[in-house]
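A.B. asks: Model the following, please.
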Amino acid sequence: MTRYTLGWYGAEGVAWNKILELIATLAAKLAKSWGAEVTREHWDAPRFDLRWYTDDGIGRAVQVLIEGMPEHYYLRVSGSAWKDFDKDRQRRWSGQEISKIPVPLDLDQLAIGVVEDALWSARVIISNWVEADLTKESDLPQRDPNLTGTFVQGRYVP
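C.D. replies: As a prediction, this is how the structure comes out:
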């Protein structure tokens with residue numbers, strides 16, 4: 001087993017990558033069982049998302065973000081759900097922080113089972129949300145007039 005100690009790394013980016021590397025296998029396993037995909041849209045942030053859509057057209061995601069200062073990092077696990085209303089150019093959404101998990105300096109001591117439980121808890125919570133639970137609203141950007149199709153589950157359909 002490779003032994004990582006956060007104190008060995010001077011640059012935050014290296015420490016973040018080691019932490020993400022340790023939980024990447026778990027994320028891939030869960031994504032497969034959930035019918036989700038693992039995304040890293042924000043490459044400049046130590047974060048990944050597990051995203052999927054349900055039959056009701058609601059997009060759902062569990063986010064894992066590394067926060068804190070060196071030697072005091074933690075994993076913030078959050079959940080969110082959204083639905084886009086193309087006709088109104090509105091997105092209705094909601095989000096919730098689920099848990100904060102301390103990251104020990106000796107990464108071999110990171111309890112992957114605790115991380116997995118937090119991810120499952122987030123999934124259960126946001127999977128139970130219905131459209132009425134999406135209480136926040138924001139405008140969608142204006143659509144290119146040359147696009148004549150629509151978006152279905154986050155993907156453009158001509």
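
A.B. asks: Which helix runs longest in this protein?
C.D. replies: Ranked by residue count, the top helix of the chain under DSSP state H comes out as helix 12-34.

A.B. asks: Check which helices and strands that one sits against.
C.D. replies: Where contact means 3 or more CB pairs under 8 Å, 6 or more residues apart in numbering; DSSP states H and E, helix 12-34 is packed against strand 37-39, strand 47-53, strand 59-69, strand 72-85, helix 112-127. Backbone N, C-alpha and C define where each C-beta goes, glycine included.

A.B. asks: Turn these into TSV, including mean pLDDT and mean neighbour count.
C.D. replies: Listed next are these as TSV, based on pLDDT from 0 to 100; neighbours: other CB atoms under 10 Å:
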stretch	mean pLDDT	mean neighbour count
strand 37-39	90	14
strand 47-53	91	20
strand 59-69	91	18
strand 72-85	92	19
helix 112-127	94	16
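
A.B. asks: Which one, of these, ends up nearest to K29?
C.D. replies: Of all these, helix 112-127 sits nearest to K29, with 8.8 Å by CB to CB.

A.B. asks: The closest one to strand 59-69, inter-axis angle?
C.D. replies: For helix 112-127 against strand 59-69, the angle between stretch directions is 140 degrees (axes from the mean of the first three to the mean of the last three CA atoms, to 10 degrees).

A.B. asks: Provide the contact partners of helix 112-127 at residue level.
C.D. replies: For helix 112-127, the external contacting residues (CB atoms under 8 Å, 6 or more residues apart in numbering) are 22-23, 26-27, 30, 34, 50, 54, 60-62, 64, 75, 77-81, 96, 98-99, 101.

A.B. asks: now the angle from it to helix 12-34?
C.D. replies: Going by the same axes, to 10 degrees, helix 112-127 makes 60 degrees with helix 12-34.

A.B. asks: what is the mean pLDDT for whichever helix or strand comes after helix 112-127?
C.D. replies: Toward the C-terminus, helix 112-127 is succeeded by strand 136-139 as the next helix or strand (DSSP states H and E). Strand 136-139 shows a mean pLDDT of 86.
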